[in-house]
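Engineer: Predicted structure and sequence below. I'll ask about it afterward.
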Amino acid sequence: MALFDCTCDATSGHARALTYQTAHGPFRTPMFMPVGTSATVKGVMPSQLRDLGAQVVLANTYHLSQRPGAELVAAAGGIHSFMAYDGPMLTDSGGFQIFSLADTRKLDDDGVSFRSIYDGAKVRWTPEDNMRIQELIGADIAMQLDQCPPYPATREFVERAVDLSSAWARRCLAAHARPDQTLFGIVQGGMHLDLRLESVRRLRAIEEESLAAGGRRFGGFGIGGYSVGEEHDVMFETLGQVARACPADRPRYLMGVGNPTTLVRAVREGVDMFDCVLPTRTARMGTAFSSTGRMNLRNAKYKDDFGPLDAACACPTCQTHSRAYLRHLVKQDEMLGAILLSVHNLHFLIDLMARAREAVLADAYEEFYAAWMAGPGAKDY
């Protein structure tokens, strides 16, 4: 496969199994991507990520640009060398983090100004600045700078976010030049189906204009602005139509979503890629995904339970440690508890998506979906 080629290995209903080639090897979908915000997946060694089955690992442009700085990462040989991880990587543009800073952020047509959460310094980003930073960091996939509207928001506000994100997508695509890195566009539009579809239409028109002028196309399409406060059922009112409006020949990436049942449901709607801090964040709170539903290891019922965390799981945590021991670590606030639960939660989601891929390849995704939804593991809230 040539660099950034995408092949569809199978479909089952709207669910898809893709293979996508990057400079650091291929990845296969459906898949979940661990989040390594500051060039580290919290509690997990880079060498462990491959053992867990991780294919793509995220890092965050906002945080890395502030500490230690994109230039330092570039001087280290890029993000792969810096964190000693040789698999495919993706950098979020940092747009979500910036637009979470409503009290210090100033937005205009040309870019965004904000104060660093680290030292209060004033920072100014244009889409071109953002592309330069992501090219310095050097992940295989970069994301366009966009505006992510909160929920709830007025229609007028969301319309403005679509306008701005579309304009910035055009500038990002024009500015992005690193040949061993591809750029994903991002769909916005809140919970308004017509605005979502208009956002997709504009992204497709932007890349058509770029190609006509001898430029590049988007390597894939992020679907942003979901899971920002709305109930997941609200998201699913529009997600499927939005995903399937994106080009069929490239990945569709639902950004920032990571509970097991939502992943299973979204694959059924045609989504290919997912990321979220949820598995490691909830692990640090003493919570685990499992085939029997979400588990709170602080509960007293696990005090003398010497069975594995999840008897159906093959991860190192479940193969080695008991619920009683894990509860002890959690109750004592021992860092090992968070580490072991992070390993388990990441493995759980990565393995779930691997099994989803097997179901697509067997053209049996509807059966896989029905079995999951009828089982106790679906109770993951």
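Structural biologist: Looks like it arrived, so ask away.

Engineer: Give me the distance between residue 20 and residue 257.
Structural biologist: Distance check for residue 20 against residue 257: by CB to CB, to the nearest Å, it reads 19 Å. The C-beta positions use only the backbone N, C-alpha and C, and glycine is treated the same way.

Engineer: more crowded one of these two?
Structural biologist: Neighbour comparison, residue 20 and residue 257: the larger count goes to residue 20, with 26 against 22 (by other CB atoms under 10 Å).

Engineer: you'd agree the more buried one is up against residue 5?
Structural biologist: Yes: using CB atoms under 8 Å as the test, residue 20 is close enough to residue 5 to be in contact (7.5 Å).

Engineer: Outline the domain layout of this structure.
Structural biologist: 10-247, 283-378 (automatic domain parsing).

Engineer: Redo the ones you listed as JSON lines? Include distance to residue 266 and mean pLDDT.
Structural biologist: As requested, the domains of the chain are arranged in JSON lines below (distance: least, CB to CB, whole Å; pLDDT from 0 to 100):
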{"stretch": "domain 10-247", "distance to residue 266": "6", "mean pLDDT": "96"}
{"stretch": "domain 283-378", "distance to residue 266": "10", "mean pLDDT": "98"}
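
Engineer: Of the ones you listed, which is nearest residue 262?
Structural biologist: The closest of these to residue 262 is domain 10-247. By CB to CB, the value is 5.5 Å.

Engineer: hmm, back to that, quick one: closest of the domains of the chain to residue 275.
Structural biologist: Smallest distance to residue 275 across the domains of the chain (CB to CB): 4.3 Å, for domain 10-247.

Engineer: Off-centre distance for that closest one?
Structural biologist: In terms of CA atoms, centre = their mean, to the nearest Å, the centre of domain 10-247 is set 9 Å apart from its chain centre.

Engineer: how about the one helix or strand residue 186 maps to as PDB, C-alpha atoms only?
Structural biologist: Using DSSP states H and E, residue 186 maps to strand 182-187. What follows is strand 182-187, C-alpha atoms only, in PDB (Å, rounded to 0.1, in the frame of the first residue of the first chain):
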ATOM      1  CA  THR A 182      -1.700  13.600   6.500                       C
ATOM      2  CA  LEU A 183      -4.400  16.100   7.600                       C
ATOM      3  CA  PHE A 184      -7.900  15.200   8.700                       C
ATOM      4  CA  GLY A 185     -10.700  17.700   8.400                       C
ATOM      5  CA  ILE A 186     -13.300  18.100  11.200                       C
ATOM      6  CA  VAL A 187     -17.100  18.200  10.900                       C
END
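
Engineer: Name every strand pairing with that strand and say which way it goes.
Structural biologist: Within its sheet, and counting by DSSP bridges, strand 182-187 is paired with strand 141-143 (parallel), strand 220-223 (parallel).

Engineer: Other residues contacting that strand?
Structural biologist: For strand 182-187, the surrounding residues in contact (CB atoms under 8 Å, 6 or more residues apart in numbering) are 4, 22, 93, 95, 131, 140-144, 146, 165, 169, 172-173, 176, 196, 199-200, 203, 206-207, 216, 218-225, 242, 246, 251, 253, 255.

Engineer: What residues sit buried inside that strand?
Structural biologist: Neighbour-count burial for strand 182-187 flags 182-187 (criterion: 16 or more other CB atoms under 10 Å).

Engineer: And for stretch 185-205?
Structural biologist: Neighbour counts over stretch 185-205 (16+ other CB under 10 Å) mark 185-192, 195-200, 202-204 as buried.

Engineer: Pick out the residue nearest the middle of this structure.
Structural biologist: Nearest residue to the geometric centre of the chain (CA atoms, centre = their mean): residue 275, 2.4 Å.

Engineer: right, and that one touches residue 32 too?
Structural biologist: Yes: using CB under 8 Å, residue 275 is in contact with residue 32, at 7.1 Å.

Engineer: between the two, what contacts are shared?
Structural biologist: Joint contacts of residue 275 and residue 32 (CB under 8 Å, 6+ apart) are residue 258.

Engineer: State the distance from the closest residue to residue 284 other than its chain neighbours to residue 186.
Structural biologist: Distance criterion CB to CB, 6 or more residues apart in numbering; nearest residue to residue 284, sequence neighbours excluded, is residue 338 at 4.4 Å. Using CB to CB, residue 338 is found at 31 Å from residue 186.

Engineer: cool, and residue 285?
Structural biologist: In this view, residue 285 and residue 186 are 29 Å apart by CB to CB.

Engineer: With residue 46 instead?
Structural biologist: From residue 46 across to residue 186, the span is 27 Å (CB to CB).

Engineer: likewise residue 177?
Structural biologist: Using CB to CB, we find residue 177 at a distance of 19 Å from residue 186.

Engineer: Let's verify residue 27: helix, strand, or coil?
Structural biologist: Following DSSP: H, G, I helix; E, B strand; the rest coil, the label given to residue 27 is strand.

Engineer: What is the end-to-end distance of stretch 276-289?
Structural biologist: 14 Å (CA to CA, to the nearest Å).

Engineer: In it, which residues are buried?
Structural biologist: Buried residues in stretch 276-289, defined by neighbour count with 16+ other CB under 10 Å: 276-284, 286-289.

Engineer: who touches that stretch?
Structural biologist: With CB under 8 Å, 6+ apart as the test, stretch 276-289 has contacts from 32, 34-35, 37, 41-44, 227, 256-260, 294-298, 309-310, 326, 330, 337-338, 341-342, 344-346, 348-349, 377, 380.
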